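J.: Build me a model:
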Amino acid sequence: MMSRWQPVTNLKENASRNPPGVAFFVCLVFLSVSFICFCSYSYSHTLRNPDITKDWNRLLSSLSQFQLCVKANASSSELVLPVPTPLVDRDTLVHSKRTSNLTSLHLKVPLQVSTNSNSGSLNGLVLHTAFIGSLLNLGGKEIVNLTLEVLSGNDNYTCLTISAPKNLLPMSLLPPECPASEKNVLPVLVEVSEAPPAASQICYSLHFNNDPSLTVMLTQEEQRMAEKHLLEFSVFLLCVCLILCLTAALTRPLKPLEWHGFTRALD
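T.: Below you'll find the predicted structure:
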């Protein structure tokens, strides 16, 4: 009886006769190893909180994707109402007017402003525009009013005044508050340009530098809990793999003649 017990031979034969089972076993091994690697990575790195869908890095990154061009025949009186851009339709404006509980924030954000014109220094430049919340990854159809003020002597940061319903704005981690401007500068009305701008049209581009301090991270307690669950699940998968290996090693595969006799006995 002991001479028939050949675990290595049984394992090889069972594997050769059951390719789907082998593929399933390999997937389990890779999955468990991946979880272990991710767990070890999280021990030395802080992870972003996946439950937070809105943060200022995402908002500013979305804003930097658009080119803002000066509106033709624009006047400063239009600042009283949300600025209708080509991406803001009439229904959105009506919906925005019905929305209350607006919040206005004046923040110092890591945005750089550049232009296609040779107008010289942009220090003190103030731009005003409006977006639909969904375009900035904030969700909803409410209007988000934005005013950008280029800081003098600071090329890496811009003052951003954003006005929108409070439920749209990420309030967990706010950029530092921007100091109040001592100058009363008339804003330049700009709009999102969907088509390539004309050669004579002045447009502005925004460049965003990711700021890790604006991303909501997992707390140490939350991260340790996630690591514990990952490790437990990895050990469970490895145990399943071990059971599959032992089952294949201790089970002698039926030979073709034995299998034929077995089916005839069933008939």
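J.: And the strands in the chain, which stretches?
T.: In the chain, strands defined by DSSP state E lie at 67-70, 102-109, 111-115, 126-132, 143-150, 158-165, 188-192, 203-208, listed in chain order.
J.: Tabulate those strands (TSV), appending distance to residue 56, mean neighbour count and mean pLDDT.
T.: The way it works is simple: take the backbone N, C-alpha and C, and place the C-beta from them, glycine included. Rendered in TSV, the data for the strands of the chain read as follows (distance: least, Cβ to Cβ, whole Å; neighbours: other Cβ atoms under 10 Å; pLDDT from 0 to 100):
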stretch	distance to residue 56	mean neighbour count	mean pLDDT
strand 67-70	19	20	88
strand 102-109	7	16	90
strand 111-115	11	16	89
strand 126-132	15	22	90
strand 143-150	13	22	91
strand 158-165	9	21	91
strand 188-192	20	21	88
strand 203-208	10	17	90
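J.: Let's have those in a markdown table, adding distance to residue 220.
T.: Compiled in a markdown table, the strands of the chain are given as follows (distance: least, Cβ to Cβ, whole Å):
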| stretch | distance to residue 220 |
| --- | --- |
| strand 67-70 | 41 |
| strand 102-109 | 28 |
| strand 111-115 | 31 |
| strand 126-132 | 36 |
| strand 143-150 | 34 |
| strand 158-165 | 31 |
| strand 188-192 | 41 |
| strand 203-208 | 29 |
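J.: Let me see the contact set for residue 188.
T.: 70, 125-128 (Cβ atoms under 8 Å, 6 or more residues apart in numbering).
J.: which residues does it bridge with?
T.: Applying DSSP bridges to residue 188 gives these bridge partners: residue 127.
J.: circling back: return the member of the contacts of residue 188 nearest to residue 159.
T.: Nearest to residue 159 among the contacts of residue 188, counting by Cβ to Cβ, is residue 126 at 8.8 Å.
J.: now that closest one, nearest residue through space, not along the chain?
T.: residue 187 (4.4 Å; Cβ to Cβ, 6 or more residues apart in numbering).
J.: between the strands of the chain, which one is nearest to residue 16?
T.: Closest to residue 16 of the strands of the chain is strand 203-208 (Cβ to Cβ; 55.6 Å).
J.: tell me the contacts of residue 124?
T.: Shown in contact with residue 124 (Cβ under 8 Å, 6+ apart): 149-150, 152, 183, 185.
J.: Residue 145 is in contact with the residue nearest to residue 126, correct?
T.: No - using Cβ atoms under 8 Å, residue 187 makes no contact with residue 145, being 10.9 Å away.
J.: Between these two, which contacts overlap?
T.: Common neighbours of residue 187 and residue 145, using Cβ under 8 Å, 6+ apart, are residue 128.
J.: Rounded mean pLDDT for the lengthiest helix in the chain, please.
T.: If you go by DSSP state H, the chain has its longest helix at helix 220-250. Regarding helix 220-250, the rounded mean pLDDT is 91.
J.: Give me the distance between that helix and the centre of its chain.
T.: Distance, stretch centre to chain centre, for helix 220-250: 29 Å (Cα atoms, centre = their mean, to the nearest Å).
J.: Same question for stretch 186-199.
T.: Mean-position distance between stretch 186-199 and its chain equals 28 Å (Cα atoms, centre = their mean).
J.: With only the CA atoms kept, save stretch 18-27 in PDB.
T.: What follows is stretch 18-27, C-alpha atoms only, in PDB (Å, rounded to 0.1, in the frame of the first residue of the first chain):
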ATOM      1  CA  ASN A  18      -7.000  19.100 -15.200                       C
ATOM      2  CA  PRO A  19      -5.700  22.300 -16.900                       C
ATOM      3  CA  PRO A  20      -8.700  24.500 -15.600                       C
ATOM      4  CA  GLY A  21      -7.900  23.500 -12.000                       C
ATOM      5  CA  VAL A  22      -4.200  24.400 -12.500                       C
ATOM      6  CA  ALA A  23      -5.200  27.800 -13.900                       C
ATOM      7  CA  PHE A  24      -7.400  28.400 -10.900                       C
ATOM      8  CA  PHE A  25      -4.600  27.300  -8.500                       C
ATOM      9  CA  VAL A  26      -2.100  29.700 -10.200                       C
ATOM     10  CA  CYS A  27      -4.600  32.600 -10.000                       C
END
